[in-house]
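In: Starting from these lines, generate the structure:
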Amino acid sequence: MGLIFVFIKPENNLKNNLIKLSLLRKNFYFILNGLYPWSHPLTNKIKLRLLKPINIKYIQISLTYDCQCSCAHCGMSKYNTSQEKLKPRYIYKIINNIVPNGFGQIDFFGGEPLLDENIYQYVKYSSARGIFTHINTNGLKLKEDNVRRLAKSGLRAISISFDSPNPEIHNKNRGINESFQRALIGAQLCIKNGIKTIMSIYSSPNDIVNGQTEELINIAKEYKFDSVRLLGTFKVGNLSSVDDPKYPDKAIKILKKIIKDNPMVKPHGIWKCFVPYRTVAYISPYGDVQPCSMVPFKFGNIGIESFSSILKRMYKHPLYDISEPGCIMNSGMVKKAFYDNADCRKQNLPIPIEQLVFSQEKD
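Out: Reported below is the predicted structural model:
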């Protein structure tokens, strides 16, 4: 099965959290993993196949908020970075708890996850348990030796971000000279080493209307990327001050034609948000558990409480009942509870969910 969380379109009944393994698959998996917990190509592959029905459900783990770039659209830029990061033993504990909690994929996130030298061991450890491994990266550290190590560790997929088909614009936005060229070379190395390689692009309405988005898609096709993840405007991070994140009709019309003409393009957060479907959870570099990397509301910390108990409580929250199209951070409910709340806006992110009052909670 390909990647997954940006490619699969959940049906409405998935909101009831019905994506799970059959009893037969579950028992077979846990017996096999108990007998052969170490990494081996054959057993890794069998475990991966057993977990295929839950590959759509993924845990995002940010290893660090450090990054070489300073992108204008970064969604992680407002997070507090003064805390102590999780030690490796906690990351391994999270990995061990992914499948028991019904998830089949791990998404190593950042900042830039490749700045953490432990990433190779985390990927190998996850792959040995049949978990679908995926990395989000700016591509700057995708040199030949690093890519070979990732492939040997069992990395299944990688998303590399691009901002513009014009290298000069991309480099200026990143604040790094030759970052476009380095990311493109890194992508070719990933493809060469058998890693599913996704071009991840943020497309503003202007990018869509002026043809920049389509030009990037053409580059992805020319260089044999597996697919394109097209991110919408999320009212978070550096874009939290955007008044109206919704796309105008002209941009939507063009975008629909682009997607129709290019099946490799998978929109993310423009029409649907995965949070209400309960197919995602996020853990920060400091152990805070959130609905998603783009949702700066924390429900607990794994250093204090078990991930399982936090997850159960989180999935019952009214936040998961939001039915408006697109990212829930663009919704009217979040606007009233968070963006219109001056006291909350002044606090370091993420903020405890208890400090937000949602309309359903008032009744």
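
In: Return the residues in contact with the closest residue to Ile254 other than its chain neighbours.
Out: Spatially, and ignoring its direct neighbours in sequence, Ile254 is nearest to Ile208 (5.3 Å; C-beta to C-beta, 6 or more residues apart in numbering). Placement of C-beta: from N, CA and C, glycine included. Residues in contact with Ile208, defined by C-beta atoms under 8 Å, 6 or more residues apart in numbering, are Tyr247, Ala251, Ile254, Leu255, Ile258.

In: looking at this, Ile208 is in a strand?
Out: No - the assignment for Ile208 (DSSP: H, G, I helix; E, B strand; the rest coil) gives helix, which keeps it out of a strand.

In: how near is it to Ser284?
Out: Separation of Ile208 from Ser284 (C-beta to C-beta, to the nearest Å): 31 Å.

In: Relative to His73, how far out is Pro205?
Out: Pro205 is 13 Å from His73, by C-beta to C-beta.

In: still on that earlier bit, inside helices: which ones of the contacts of Ile208?
Out: Secondary structure from DSSP state H places Ala251, Ile254, Leu255, Ile258 of these in helices.

In: The second one reaches Val209, doesn't it?
Out: The reference is to Ile254. Yes - contact criterion C-beta atoms under 8 Å: Ile254 and Val209 qualify, at 6.3 Å.

In: Make sure I have this right: Lys272 is in a strand.
Out: No - read with three-state DSSP, Lys272 is coil and lies in no strand.

In: Which strand residues bridge Thr197?
Out: On the basis of DSSP bridges, Thr197 is bridged to Ile158.

In: For the protein, just list every one of the strands.
Out: Secondary structure of the chain (DSSP state E): strands located at 58-62, 105-109, 132-137, 157-162, 196-202, 227-231, 265-268, 280-283, 288-290, 297-298, 300-301, 351-352.

In: Quick check: neighbours of the last one in the sheet, parallel or antiparallel?
Out: Going back to what we said before, that points to strand 351-352. Sheet pairing for strand 351-352, using DSSP bridges, gives strand 297-298 (parallel).

In: looking at the protein, which helix or strand is least sure?
Out: helix 359-362 (a mean of 48; mean pLDDT, DSSP states H and E).

In: Which residue ranges of the stretch 201-350 of the chain form helices?
Out: All helices of the stretch 201-350 of the chain, identified by DSSP state H, counting those that start in this stretch, fall at 205-209, 212-222, 249-261, 307-314, 332-334, 342-345.

In: what's the angle between the second one and strand 227-231?
Out: It refers to helix 212-222. 160 degrees (axes from the mean of the first three to the mean of the last three C-alpha atoms, to 10 degrees).

In: what is the orientation angle of helix 212-222 with helix 249-261?
Out: 10 degrees.

In: where are the low-confidence patches of this protein?
Out: Residue ranges of the chain with pLDDT under 70: 1-18, 359-363.

In: what's the spatially closest residue to Tyr315 that is not a sequence neighbour sitting at in phi/psi?
Out: Nearest residue to Tyr315 in three dimensions, chain neighbours excluded: Arg278, at 5.3 Å (C-beta to C-beta, 6+ apart). Here is the backbone geometry of Arg278 (degrees, to the nearest 10): phi 60, psi 40.

In: distance of the residue nearest to Ile254 from Gly326?
Out: 15 Å.

In: got it, and Asp107?
Out: 20 Å.

In: ok, the two, which is more surrounded?
Out: Asp107 (24 against 21; other C-beta atoms under 10 Å).

In: need the contact list for the more buried one.
Out: Asp107 neighbours (C-beta under 8 Å, 6+ apart): Phe5, Tyr58, Ile59, Gln60, Ile61, His134, Ile135, Asn136.

In: Switch the residues you listed over to JSON lines; also include distance to Pro165 and neighbour count.
Out: Converted to JSON lines, these look like this (distance: C-beta to C-beta, whole Å; neighbours: other C-beta atoms under 10 Å):
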{"residue": "Phe5", "distance to Pro165": "25", "neighbour count": "22"}
{"residue": "Tyr58", "distance to Pro165": "29", "neighbour count": "25"}
{"residue": "Ile59", "distance to Pro165": "33", "neighbour count": "25"}
{"residue": "Gln60", "distance to Pro165": "28", "neighbour count": "22"}
{"residue": "Ile61", "distance to Pro165": "31", "neighbour count": "25"}
{"residue": "His134", "distance to Pro165": "24", "neighbour count": "27"}
{"residue": "Ile135", "distance to Pro165": "23", "neighbour count": "26"}
{"residue": "Asn136", "distance to Pro165": "20", "neighbour count": "23"}
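
In: between those residues, which is nearest Pro291?
Out: Gln60 (10.0 Å; C-beta to C-beta).

In: Bridged to the closest one, which residues?
Out: Asp107, Tyr282.

In: is it true that it touches Ser284?
Out: No - the criterion here is C-beta under 8 Å, and Gln60 misses it with Ser284 at 9.3 Å.

In: can you count the residues close to Ile263?
Out: Not Ile; residue 263 is Pro. Other residues near Pro263 come to 8 when the count uses other C-beta under 10 Å.

In: repeat for Asn166
Out: Considering only other C-beta under 10 Å, Asn166 is surrounded by 13 other residues.

In: Against Pro350, how distant is it?
Out: For Asn166 relative to Pro350 (C-beta to C-beta), the value is 34 Å.
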